[in-house]
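J.: Okay, here's the prediction I keep looking at, along with the sequence it came from:
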Amino acid sequence: MTIQGKAGDNAGDLAQAVLAGKAISREEALCLLELTGDDRYDLFYWANRIRQERAGQAISLCCIASARTGRCSEDCRFCAQSGHYQTTMESRQMSLQELQAAAESARKIGAHSFGIVSSGYGPTEKELDRLEEVFQCISQMGNLQCCASLGCLNEQQARRLRAMGVQRCHHNLETSRRFFPQIVSTHSYEERLATIQAAKTAGMEVCSGGIFGMGEKLEDRVDLAFTLRELDVDCVPINFLNPIPATPLETAEPLPPLAALQIIAMFRFVLPDKQIEVAGGREKCLRDLQSWVFHAGASRCMVGNYLTTAGRNLADDFQMLQDLELPLLNRENHS
């Protein structure tokens with residue numbers, strides 16, 4: 001089925017409905033991913049209109065740093081950090097001074113948020129003890145949102161993080177409930193959902209999205225978008241698979257750039273008021289079309305390096321935003 005085949009419906013009609021406050025259906029969202037040819041450019045146009053009117057013109061930036069890298073107990077099939085695969089990833093731990101310096105660098109470049117990430121199923125109490133000082137420091141910097149991505153959390157841990165000054169919890173669902181067991185077997189989808197609920201109960205904002213290009217179907221992409229809508233998350237990071245040698249997904253073909261942009265646009269239609277963030281894999285997947293992510297509906301971008309792969313040169317990203325004449329969110333408030 002294509003969107004033109006539905007009586008009277010097209011991307012413009014759906015966009016007008018979204019702008020009027022209507023929530024689109026799963027069937028309508030799937031039709032957006034099935035568009036081909038020039039109809040995709042109409043989709044991007046309307047996704048951008050929705051972004052501008054519902055999420056605002058300004059673009060926010062986020063940066064991350066890995067407190068602990070490698071030797072992960074989980075078997076996520078895309079990840080170089082998993083201890084289940086013989087990758088070249090070296091394990092290391094950043095010092096508190098290094099983490100604070102990274103946060104200060106993020107603040108100086110005008111980032112809206114800074115996240116500390118750690119490998120593993122979830123944090124131990126000893127790890128939370130170690131990170132408490134740096135979380136408190138970041139939360140006091142001013143105009144830099146303090147974020148944590150530490151794996152699965154229980155309610156007590158979530159409350160403790162909030163008390164440390166953590167304002168946002170990042171915890172990706174990765175994909176749909178149906179496809180998840182083909183990507184991870186060492187923990188369940190329900191455990192990820194429980195972490196998101198624990199974070200919300202503790203009073204933190206939630207950043208949760210997924211990785212695309214892992215072999216999932218179009219329906220899986222739509223199901224993830226609607227699950228996140230039901231959870232009412234605040235930010236949705238969209239990652240594109242960057243196949244890592246020695247992982248089970250090392251031979252996966254990167255998504256075509258226009259298909260990747262369609263995913264961003266579909267999420268903007270489903271989640272018109274939320275932050276839609278383009279994160280890992282954009283350099284490899286989108287290549288020369290990286291600047292199109294905002295025209296396709298993204299309102300946020302991760303800059304700097306990722307967890308196990310290098311990001312694009314920071315100067316190139318700032319030049320891209322300048323060329324597009326897109327303002328930075330709260331940029332004027334940073335020194």
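T.: All right, it came through fine.

J.: Any idea how many residues pack against the spatially closest residue to Leu261 that is not a sequence neighbour?
T.: Computed as Cβ to Cβ, 6 or more residues apart in numbering, the closest residue to Leu261 that is not its neighbour in sequence is Ala296, at 4.2 Å. To be clear about C-beta, it is placed using only N, CA and C from the backbone, and glycine gets the same treatment. Counted with other Cβ atoms under 10 Å, residues neighbouring Ala296 total 28.

J.: same check, this time on Val117
T.: Counted with other Cβ under 10 Å, Val117 comes out at 18.

J.: ok, now how distant is it from Gln275?
T.: Look at Val117 and Gln275: by Cβ to Cβ, to the nearest Å, they are 18 Å apart.

J.: Got the phi and psi for the residue nearest to Leu261?
T.: Torsion angles at Ala296 (phi, psi; degrees, to the nearest 10) stand at phi -90, psi 0.

J.: I'd assumed Arg49 was in contact with it.
T.: No - using Cβ atoms under 8 Å, Ala296 is not in contact with Arg49; the gap is 11.4 Å.

J.: Overlap in contacts, those two.
T.: Taking Cβ atoms under 8 Å, 6 or more residues apart in numbering as the contact rule, Ala296 and Arg49 touch no residue in common.

J.: okay, how far is it across stretch 281-292, tip to tip?
T.: 14 Å (Cα to Cα, to the nearest Å).

J.: For the lengthiest strand in the chain, give the mean pLDDT please.
T.: The longest strand of the chain (DSSP state E) is strand 60-69. Taken as a whole, strand 60-69 carries a mean pLDDT of 92.

J.: quick one: strands adjacent to the helix or strand just after that strand?
T.: Note on strand 60-69: by DSSP states H and E, the next helix or strand toward the C-terminus is strand 92-93. Using DSSP bridges, the strands paired with strand 92-93 are strand 60-69 (antiparallel).

J.: Contacts only, for Arg162.
T.: Neighbour list for Arg162: Ala202, Gly203, Met204 [criterion: Cβ under 8 Å, 6+ apart].

J.: which one of those residues has the most neighbours?
T.: Met204 (24 neighbours).

J.: Which residue, neighbours along the chain excluded, lies closest to it?
T.: Cys169 (4.7 Å).

J.: Gly203 now?
T.: That would be Arg162: by Cβ to Cβ, 6+ apart, it lies 5.3 Å from Gly203.

J.: Tell me the pLDDT of that neighbour.
T.: 98.

J.: could you pull out the strands for this structure?
T.: With DSSP E as the criterion, the chain has strands spanning 60-69, 92-93, 113-118, 145-149, 168-170, 205-207, 210-212, 235-240, 275-278, 300-302.

J.: any idea how far the spatially most central residue of the chain lies from Gly281?
T.: Closest residue to the average C-alpha location of the chain: Pro237 at 1.3 Å, with Cα atoms, centre = their mean. Pro237 is 11 Å from Gly281, where distance means Cβ to Cβ.

J.: returning to what we had before: check the strands of the chain for me: which has the lowest mean pLDDT.
T.: Per-stretch mean pLDDT for the strands of the chain is lowest at strand 92-93 (a mean of 87).

J.: So what touches that one?
T.: Here strand 92-93 has contacts from Ala67, Arg68, Thr69, Gly70, using Cβ under 8 Å, 6+ apart.

J.: and with 6 Å instead?
T.: For strand 92-93, contacts defined as Cβ atoms under 6 Å, 6 or more residues apart in numbering pick out Arg68, Thr69.

J.: Stretch 225-241 now?
T.: 26, 78, 196, 205-209, 211-214, 252, 255, 260, 264, 267, 270-271, 274-281, 285.

J.: what's the answer for stretch 79-89, then?
T.: For stretch 79-89, using Cβ under 6 Å, 6+ apart, the contacting residues are Gly70, Arg71, Cys72, Asp75, Cys76, Ser119, Ile244, Ala246, Thr247, Thr308.

J.: and of those, the nearest to Arg130?
T.: Nearest to Arg130 among these is Ser119, at 14.4 Å by Cβ to Cβ.

J.: who touches that closest one in this structure?
T.: Counting by Cβ under 6 Å, 6+ apart, Ser119 has contacts Arg68, Thr69, Cys72, Gln81.

J.: Who are the contact partners of the second one?
T.: By Cβ under 6 Å, 6+ apart, the residues touching Thr69 are Arg92, Ser119.

J.: swap the cut-off to 10 Å and go again
T.: 80-81, 89-94, 117-119, 307-308 (Cβ atoms under 10 Å, 6 or more residues apart in numbering).

J.: can you check Cys152 too?
T.: 74, 120-123, 171, 187-188, 191-192, 194-195, 198.

J.: re earlier: so which of the contacts of Ser119 is the closest to Asn10?
T.: Nearest member of those to Asn10, counting by Cβ to Cβ, is Gln81, at 43.1 Å.

J.: Show me the helices in this structure, by range?
T.: Assigned by DSSP state H, the helices in the chain fall at 11-19, 26-34, 39-50, 96-109, 125-139, 155-164, 189-201, 218-231, 257-270, 282-286, 292-295, 314-324.
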